[in-house]
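**Student:** using only what follows, build the 3D model:
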Amino acid sequence: MIITIASFKGGVGKTTTAVHIAAYLANQSTTLLIDGDPNRSATRWAERGGLPFQVVDERQAAKYARKAEHIVIDTQARPEQEDLEALADGCDRLIIPCTPDALALDAMMLTVQALQQLGSDRYRILLAIIPPSPSKDGEEARKMLTDAGLPVLKTGIRRYTAFKKAALEGTIVSEVADKKARIAWSDYQELGKEIHS
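**Tutor:** Have a look, this model is predicted:
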């Protein structure tokens, strides 16, 4: 399975999602994360600690991809139309993370419009970094997207500081010392099941 994570906006949990989907898939079989973001966030994440899968940049992808059962691709923010077309055509599932705020939702709509113009139906919207209760931002964003007929994943990723700790330590969220780490990891486990089913 090839899963691509793409967004027209930074700061929406793109790399965090790529790392944790790869970790979920790595529990089942050999998984490779291709870091296609010029910032090399996933590569730096892996260098700080130890991830249960290999991370390579796109120039090394051809060499390592043939050994992997699953491939997760972390793309650059704001891909060009031509890049988006290649990404949409070259994967089994294109995940578009989006935070439940107006600016992120606007940027996500640009991505969706571009994909619709390409005739792609492989994309799914992931609500991420959802603020905790009593905020209703996540629920309101989900309703707005669903009412618009857009393909929104049932699973949402809640905002936890444990994700920042995981990035700093170079590991996945379930490995950090934080009381919310298990709950945070359970969000990605549910997402992995939903995507992989």
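
**Student:** so which residue is dead centre in this structure?
**Tutor:** Central residue check for the chain by CA atoms, centre = their mean: the C-alpha nearest the mean position is that of residue 17, 3.1 Å away.

**Student:** check the secondary structure at residue 194 for me.
**Tutor:** Put simply, residue 194 is helix when judged by DSSP: H, G, I helix; E, B strand; the rest coil.

**Student:** need the strands for this protein, in chain order.
**Tutor:** Assigned by DSSP state E, the strands in the chain fall at 2-5, 31-36, 54-57, 70-75, 93-98, 123-127.

**Student:** can you give the strand pairings for the first one, parallel or anti for each?
**Tutor:** Put plainly, it is strand 2-5. strand 70-75 (parallel), strand 93-98 (parallel) (DSSP bridges).

**Student:** other residues contacting it?
**Tutor:** 14-15, 17-18, 21, 25, 70-75, 87-88, 90-97, 195 (CB atoms under 8 Å, 6 or more residues apart in numbering). Yep, even glycine has a C-beta here, placed from its N, CA and C like the rest.

**Student:** hmm, back to that, now the strands paired with strand 2-5 as a markdown table including distance to residue 60, mean pLDDT and mean neighbour count?
**Tutor:** Listed next are those as a markdown table, based on distance: least, CB to CB, whole Å; pLDDT from 0 to 100; neighbours: other CB atoms under 10 Å:
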| stretch | distance to residue 60 | mean pLDDT | mean neighbour count |
| --- | --- | --- | --- |
| strand 70-75 | 12 | 93 | 25 |
| strand 93-98 | 22 | 92 | 24 |
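
**Student:** thinking again about what came up before, out of the strands of the chain, flag the one nearest residue 47.
**Tutor:** Comparison of those against residue 47 by CB to CB identifies strand 54-57 as nearest, at 8.5 Å.

**Student:** how about that closest one: buried residues?
**Tutor:** Across strand 54-57, burial judged by 16 or more other CB atoms under 10 Å covers 54-56.

**Student:** ok, now which ones touch the spatially closest residue to residue 74 that is not a sequence neighbour?
**Tutor:** Excluding its sequence neighbours, the residue lying closest to residue 74 (CB to CB, 6 or more residues apart in numbering) is residue 18, at 3.8 Å. Residues counted as contacts of residue 18 (CB under 8 Å, 6+ apart) are 5, 33, 42, 72-74.
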